[in-house]
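Peer 1: model the following, please.
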Amino acid sequence: MDDYIIYAASQGTTTALNHAAKRPENLKGLILESSMVSPNSAICHTVGAPAGTTYCLPYLAKLLFWSYSPTGEKPIDALDEIDKTIPIYIMHNARDPQVPYSNGAALYACLKQMGHKNVYLSKSGDEGGFGFGKHLHLRDQKDKENIQSMFLYKLPIEQKNENDLKQEGEKHYEKLVRDERNTKIFGYVSLAAIVTYLGCRYRSALNPANWSFRLPSVWPFAQTLNDA
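Peer 2: Below is the predicted model:
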């Protein structure tokens, strides 16, 4: 298989990150736009979740999308498996209406903490980054070629405002991890409460001593067995 670089945006970044963690062979770089390391946080950000509802909203989303799992495998759980030599360029608009900038910042800080050297963050609208303010599909051809050239020939390069971005990202990462943990706890507690309620509500029906089975009268010996 030839060497390749993955470009992914928004929801596609979850697949790209999981792919980099599970099947890194011949992968030479990641370009991630609006990185989504926690789909649960993206759901809450999109609907503008009020304080105190961030743990239950992912479960309400499951009512609309049955295949979605609020406690399932997410990129934030697999980051430690990504090859530390792979160059990763993260770009995120601070005013993204669906995937919060906190996801991109948290991803950058987490990878830095894990020892990645060639990881870079460009925050749209800031003076930092590499001068690429717009998202990739809105940029002119020259900017796109600059990004490709950067990956092929110019790494490593200087990351502007590195310390500030790391400190900001570390706070976001800590919150994401805390929210993911609390979302799982909420799910387990809710499931236990539902099972307990159903057990109490239908206790008599669940008692085998109260079960009765009657065979159709047309079956041979049915009357004898039913009267037993």
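Peer 1: longest helix of this protein, counting residues only.
Peer 2: The longest helix of the chain (DSSP state H) is helix 162-201.
Peer 1: tell me how many other residues surround residue 98.
Peer 2: Counted by other C-beta atoms under 10 Å, the residues lying close to residue 98 total 12. Glycine gets a C-beta too; all of them are placed from N, C-alpha and C.
Peer 1: same check, this time on residue 46
Peer 2: Other residues near residue 46 come to 15 when the count uses other C-beta under 10 Å.
Peer 1: surely it and residue 98 touch.
Peer 2: Yes: contact criterion C-beta atoms under 8 Å: residue 46 and residue 98 qualify, at 5.0 Å.
Peer 1: that older thread, can you pull the buried residues of the longest helix of the chain?
Peer 2: 165-166, 168-170, 172-173, 176, 179-180, 183, 186-187 (16 or more other C-beta atoms under 10 Å).
Peer 1: stretch 104-115 too?
Peer 2: Counting neighbours by 16+ other C-beta under 10 Å, one finds that the buried residues in stretch 104-115 are 104, 105, 106, 107, 108, 109, 110, 111, 112.
Peer 1: inside helices: which ones of those residues?
Peer 2: With helices defined by DSSP H, the entries of these inside them are 104, 105, 106, 107, 108, 109, 110, 111, 112.
Peer 1: hang on, the earlier thing: nearest to residue 2, of the buried residues of stretch 104-115?
Peer 2: Set against residue 2, the nearest of the buried residues of stretch 104-115 by C-beta to C-beta is residue 111 (25.2 Å).
Peer 1: in contact with the closest one, which residues?
Peer 2: For residue 111, the contacting residues are 79, 82, 88, 119, by C-beta atoms under 8 Å, 6 or more residues apart in numbering.
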